[in-house]
Structures are given as C-alpha cells and as structure tokens.
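S.K.: how does the following fold in three dimensions:
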Amino acid sequence: MKKMLAFIIALVAVVAVGIGISTHKSSAPKKQKVQTVGILQLMSHPALDAIHKGIVAGLKDEGYTVGKNLKIDFQNAQGDQSNLKSMSERFANEDADAMVGIATPSAQALANASSKIPIVMGAITDPVAAKLVKSTTKPGANITGVSDQAPIDAQLKLIRTLMPKAKTLGIISTSSDDSAQTQVKMVAAKVAKYGFTLKKYSISSTNDINQVAGQMVTDVDAIFVPTDNTIASAMPTLASVANSKKIPIFPTVDTMVKQGGLATVGLDQYQLGVETGKMVANILSGKSKPATTPVKFMTKGNLVINTKVAAKLGITIPADLLAKAKKSGEVIK
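M.R.: Now for the predicted structure:
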C-alpha cells in the first residue's frame, strides 16, 4: 500500500512538472517574422539622404523595427546605372518582401527587376511619365508610392515677391532626368502668369555645372532649380557661382536652401520619406496592395528662407514672410 501511494505521488509530481513545462512553453512570446525591405538610393546628397532616414522612421512608426521584425538591405548606386541594375536584381533574387526606389531611376531599375515584388516609389515627380504606373489613382500593378512634385505656382509667386523687378528667370536641369524635365515644362507653362521670361539651361553631368552656371548668371535675374538629383549633388558649386554674382537661387527642396539657395516653398524631404515608409509598412502587413493604393502627393510645401544668403545678396525679406517661415517652415541663419 505504501509502495502504491509513493508511486501515485511520484506520478502526480511528474504530471505536474509536465503541465508546468507545457504552460511555460505556451506562454512564451512567439518570435516575430522578420521581413526584408530593399532600399535602393540613386546617389548621396542631403535631400535623398533625408528621404532614406524618413523611410526608416516611417516603418518604425508603424511597428517595423530593424533587428526586431525588419531587415533593411540599403544600397546606394552612387549615380551609376550599372549599379542600379545589379542592385535591383540582387533584391529580386533574394526575394525581398518589398523594395523602395529613392528617385526615379532607382524605381525604374526596380521595376525592370521584378513585376511581382511590391515596389514603393520614394520621391518620383511624375510616375506616369516615367512609365512606372498606369495612373496615379489606380496604379494597377506592383508599384505605388509618394510623389515629390513641387508646388510650382507657390514657388513662382515667392520668386516674384522677393524679386519684384526681375524679368528673366533661368531654369537649370539635367537633360536625362525625367522628373526635372517634367518640371521644366510645368514652369514654362506658368512663368508668363508671373511676369517672367524663361531661359532654359541644361547639363549632362555635374562636370557641366561651372561652365553653364557661369553663362547663366550673366543672362538671368534669378535661378529656379527643379527637383534634379544631379544638380542637387552639386548644389554648393552652383550656389558659389550664382551667389558670387548676386543671383539668387530658388530650389524646390529645403535641403538645397541650406546649401546656398535663397528660399523655397518646398517639400520636407524627411517627411516625404516618413510617408513612404508608412506606405511600405501597410503593404508588409497586408493592409494594402500596390495595385489599388493611389500615389500620394505631398500638396503642402514649407516656406524655407536663408537669411544669411539674403544678406549676402542684399535682398530684404518681408517681415510677413519671415513670420510665416518661423511659424510653419524654417528660417536658416
């Protein structure tokens, strides 16, 4: 009897331990699935770098954190077309869960690499003209994203306000940049409304900046720079030439004002990246699909003024503009 009792007690103990182990296992947190996002950036310059940082922040805002449930494979093509091709193919071959193209050539390279993996465009001015989507409201395939189309009317109005006597507006762009050429056409269609005569200048690479800028500053009263990655990468050079001749530069993005531009009603590149990252997160989680997700346009620009450059050029910034920039934009001193 005593042996039987001892056996029963031992058996109960074993079962209890087993239940404890089972309960421990079932209460242990499940390991989260790690998803891979390939980010392809055209080249390094402050505007594109800010978009990249914003993408990572946007993903994190939506619960995707590197090292926890997210792996980011970031590649920078440094402006090389062959790099764009090989890096895009790498993402596709590794079967990334989603891919992001920062700037039009990057998105185009990703589109050529895969028609199945979700692709999110970061900073594509005209995705239809770039043949990335069928329409901005119904993309229809594996691509959607965020556009960096600048508010052209607001830009031209700002130039006229700060340069009331200006007659000739110069615009400089890279001949092979689809996004820049789209904006050149948009500006050309609107300048007469603001009393400007437009003179167009183009470059093929950063090597042309010095020569073209040198010619431009003798012919124009102000310079408008569209969203153009080649020129953005050489903005300090352009600013040096133009500011030395007291010709103000009005770029489309905030980072270029910090590099020597006078002012802009431009898009916040970091915030553009945040919106891109959130869009990627919604695709990863299954909340949305590229084919039915409309391209997002950042409709509101921020007023950014560089008072240091204004002083160098002898331009007085109206008090109401400064107040507006301080309240909802940025004043660079």
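
S.K.: what stretches of this structure score poorly on pLDDT?
M.R.: For the chain, applying pLDDT under 70 flags the ranges 1-31.

S.K.: does the closest residue in space to residue 188 that isn't next to it in sequence count as helix, strand or coil?
M.R.: By the measure of CB to CB, 6 or more residues apart in numbering, the closest residue to residue 188 outside its immediate chain neighbours is residue 198, 5.7 Å from it. Every C-beta, even on glycine, is put in place using the N, C-alpha and C of the backbone. Look at residue 198: counting by DSSP: H, G, I helix; E, B strand; the rest coil, its state is strand.

S.K.: now do residue 198 against residue 191, distance only.
M.R.: Applying CB to CB, to the nearest Å, the value for residue 198 to residue 191 is 5 Å.

S.K.: so between these two, which is more surrounded?
M.R.: Neighbours were counted for residue 198 and for residue 191 using other CB atoms under 10 Å; residue 191 has more, 20 against 17.

S.K.: start to end distance for stretch 96-112?
M.R.: Distance between the boundary residues of stretch 96-112 (CA to CA, to the nearest Å) amounts to 15 Å.

S.K.: which ones are touching the residue nearest to residue 188?
M.R.: Counting by CB atoms under 8 Å, 6 or more residues apart in numbering, residue 198 touches 168, 169, 170, 171, 187, 188, 191.

S.K.: which helices and strands sit right next to the helix or strand hosting the fifth one?
M.R.: In other words, residue 187. Residue 187 belongs to helix 178-190 when assigned by DSSP states H and E. On a contact count with 3 or more CB pairs under 8 Å, 6 or more residues apart in numbering; DSSP states H and E, helix 178-190 meets helix 152-162, strand 168-174, strand 197-203.

S.K.: angle of it against helix 152-162?
M.R.: 60 degrees (axes from the mean of the first three to the mean of the last three CA atoms, to 10 degrees).

S.K.: what does helix 178-190 contact?
M.R.: Contacts of helix 178-190 (CB under 8 Å, 6+ apart): 103-104, 124-126, 129-130, 148-150, 152-153, 156, 171, 173-175, 198, 200, 224, 226-228, 231, 252.

S.K.: so how far is it from its chain's centroid?
M.R.: Centre-to-centre, helix 178-190 and its host chain are 19 Å apart (CA atoms, centre = their mean, to the nearest Å).

S.K.: can I get that helix in PDB, CA atoms only?
M.R.: Taking Å, rounded to 0.1, in the frame of the first residue of the first chain, the C-alpha atoms of helix 178-190 are listed here in PDB:
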ATOM      1  CA  ASP A 178      12.700  62.700 -66.400                       C
ATOM      2  CA  SER A 179      11.500  64.300 -63.200                       C
ATOM      3  CA  ALA A 180      13.400  67.500 -63.800                       C
ATOM      4  CA  GLN A 181      12.200  67.800 -67.400                       C
ATOM      5  CA  THR A 182       8.600  67.400 -66.300                       C
ATOM      6  CA  GLN A 183       9.000  70.300 -64.000                       C
ATOM      7  CA  VAL A 184      10.800  72.400 -66.700                       C
ATOM      8  CA  LYS A 185       7.600  72.000 -68.800                       C
ATOM      9  CA  MET A 186       5.400  72.900 -65.900                       C
ATOM     10  CA  VAL A 187       7.400  76.100 -65.200                       C
ATOM     11  CA  ALA A 188       7.500  77.100 -68.800                       C
ATOM     12  CA  ALA A 189       3.700  76.900 -68.900                       C
ATOM     13  CA  LYS A 190       3.300  79.200 -65.900                       C
END
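
S.K.: now do the strands in the protein.
M.R.: Along the chain, counting by DSSP state E, strands occupy 35-41, 70-76, 98-102, 119-122, 143-147, 168-174, 197-203, 222-225, 249-251, 263-266, 296-297, 302-306, 330-332.

S.K.: mind checking those for the one nearest to residue 84?
M.R.: For residue 84, the closest of those is strand 35-41, at 6.9 Å, according to CB to CB.

S.K.: touching both of residue 198 and residue 191, which residues are there?
M.R.: residue 169.

S.K.: give me the domain ranges for the protein.
M.R.: 35-148+269-297, 152-266+301-332 (automatic domain parsing).

S.K.: which non-adjacent residue is nearest residue 306?
M.R.: residue 332 (4.3 Å).

S.K.: so who does the one you found touch?
M.R.: Here residue 332 is in contact with 257, 258, 304, 305, 306, 307, 308, 309 (CB under 8 Å, 6+ apart).

S.K.: any chance of the residues you listed in TSV, plus neighbour count and distance to residue 61?
M.R.: Putting these into TSV (neighbours: other CB atoms under 10 Å; distance: CB to CB, whole Å) gives the following:
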residue	neighbour count	distance to residue 61
257	26	26
258	18	25
304	24	24
305	25	29
306	27	30
307	16	33
308	14	33
309	22	34
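
S.K.: quick revisit: measure the residue nearest to residue 306 to residue 91 for me?
M.R.: For residue 332, the distance to residue 91 - CB to CB - is 37 Å.

S.K.: how about residue 280?
M.R.: On the measure of CB to CB, residue 280 and residue 91 end up 13 Å apart.
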